[in-house]
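J.: The amino acid sequence is not available; the structure is as follows:
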């Protein structure tokens, strides 16, 4: 059965299971040198970073965990509140004995969580590459202007997420239609991602990701908007044809950060890591060189 499949093959990687804060993390690594912690989003897992893992840039240790309950990681002993997941990841960093500053990479929910990590403990990071995710300082008027995008699918996933992911071809169609780059998702790759969500446990995690967001995190953010200022250098990449998250929500003009830049990528959708892996690699190498000089 698809739900029982093992992790997909990636040549040359190292795989391990690491216990941290009650989560049995499945971690895929490649290369050596500066630690790079790469975080995926929904509806994906570590395989979204397959190009970096199969051919890690020189001098980098690429570390890609499946987030709690996703991929082949065990479920978290808590609901999927993003601050709790950030705490899980800090515990994972400790368990991996990472004692130098990390380059953080995040796409989609991985980017959302990444922002919480660099704002909470900036001293642990040398730079943050974030892709197709709004920054946490978006003005309310801008969010309201684009809220129809979220309402088009998030309540559906939050409400009917388990049967939607396990019994229908919803995710297959999502991958087939959301990517704008040619050949970003062939049938095998779609099955590697969508097939994992036919496991009810993984589907529940995806559902809970959106439930906690809509029912708890959105109201909390409305009551207490983010006021912390980012001190870690942030480089954002954003596919302009993203139907789920509008690129205006990553605007540099509204970012409260000492060093934030954003590059908007034409003819690219939400899944920029899969659609434009060469661009992601180049931006990561550039950020590593820039922050290395600053040290």
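T.: Looks like it arrived, so ask away. Note that the structure is predicted; figures quoted are calculated from it, not measured. Residues are numbered from 1 along each chain as shown.

J.: For the protein, give me the ranges with low pLDDT.
T.: Low-confidence regions of the chain, defined by pLDDT under 70, span residues 1-4, 181-183, 293-295.

J.: could you show me where the strands are in it, in order?
T.: When secondary structure is read from DSSP state E, the chain shows strands at 14-20, 23-31, 34-39, 60-65, 102-107, 125-131, 234-239, 260-265.

J.: Turn these into TSV, including distance to residue 142.
T.: Bear in mind the C-beta positions are built from the backbone N, C-alpha and C, glycine included. What follows is the strands of the chain, written out as TSV (distance: least, C-beta to C-beta, whole Å):
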stretch	distance to residue 142
strand 14-20	36
strand 23-31	34
strand 34-39	24
strand 60-65	31
strand 102-107	21
strand 125-131	17
strand 234-239	14
strand 260-265	14
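
J.: Which residue, neighbours along the chain excluded, lies closest to the residue most central in space within the chain?
T.: Residue closest to the mean C-alpha point of the chain, counted by C-alpha atoms, centre = their mean, is residue 110 at 2.3 Å. With C-beta to C-beta, 6 or more residues apart in numbering as the criterion, residue 110 has its nearest non-adjacent residue at 2.9 Å, and that residue is residue 39.

J.: what about that neighbour, distance to residue 272?
T.: 14 Å (C-beta to C-beta, to the nearest Å).

J.: same thing with residue 236?
T.: The spacing between residue 236 and residue 272, counted by C-beta to C-beta, is 10 Å.

J.: Kindly point out which residues are neighbours of both of those two.
T.: residue 131 (C-beta atoms under 8 Å, 6 or more residues apart in numbering).

J.: returning to what we had before: reformat the strands of the chain as TSV; add mean neighbour count.
T.: Formatted as TSV, those follow (neighbours: other C-beta atoms under 10 Å):
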stretch	mean neighbour count
strand 14-20	13
strand 23-31	21
strand 34-39	24
strand 60-65	24
strand 102-107	26
strand 125-131	25
strand 234-239	25
strand 260-265	16
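
J.: Could you point out which of those sits nearest residue 137?
T.: Counting by C-beta to C-beta, residue 137 lies closest to strand 260-265 out of the strands of the chain; the figure is 9.6 Å.

J.: What segments of this structure are helices?
T.: Taking DSSP state H, the helices of the chain run over residues 50-54, 82-95, 109-120, 140-151, 154-167, 170-178, 187-194, 200-212, 218-223, 272-275, 277-294.

J.: Need the residues that contact the fourth one.
T.: By C-beta under 8 Å, 6+ apart, the surrounding residues in contact with helix 140-151 are 134, 222, 225, 243-246, 248-249, 251, 254.

J.: can we see that at 7 Å?
T.: Outside helix 140-151, the residues within contact range by C-beta atoms under 7 Å, 6 or more residues apart in numbering are 243-246, 248-249.

J.: Please identify the buried residues of that helix?
T.: For helix 140-151, the buried set under the neighbour-count rule, 16 or more other C-beta atoms under 10 Å, comprises 143, 146, 150.

J.: First-to-last residue distance for stretch 57-74?
T.: 29 Å (C-alpha to C-alpha, to the nearest Å).

J.: if I look at the residue nearest to the centre of the chain, how far off is residue 170?
T.: When distance is defined by C-beta to C-beta, residue 110 is 21 Å away from residue 170.

J.: tell me which residues of stretch 155-163 are tucked away?
T.: Residues of stretch 155-163 classed as buried: 157-158, 161-162 (neighbour count, 16+ other C-beta under 10 Å).
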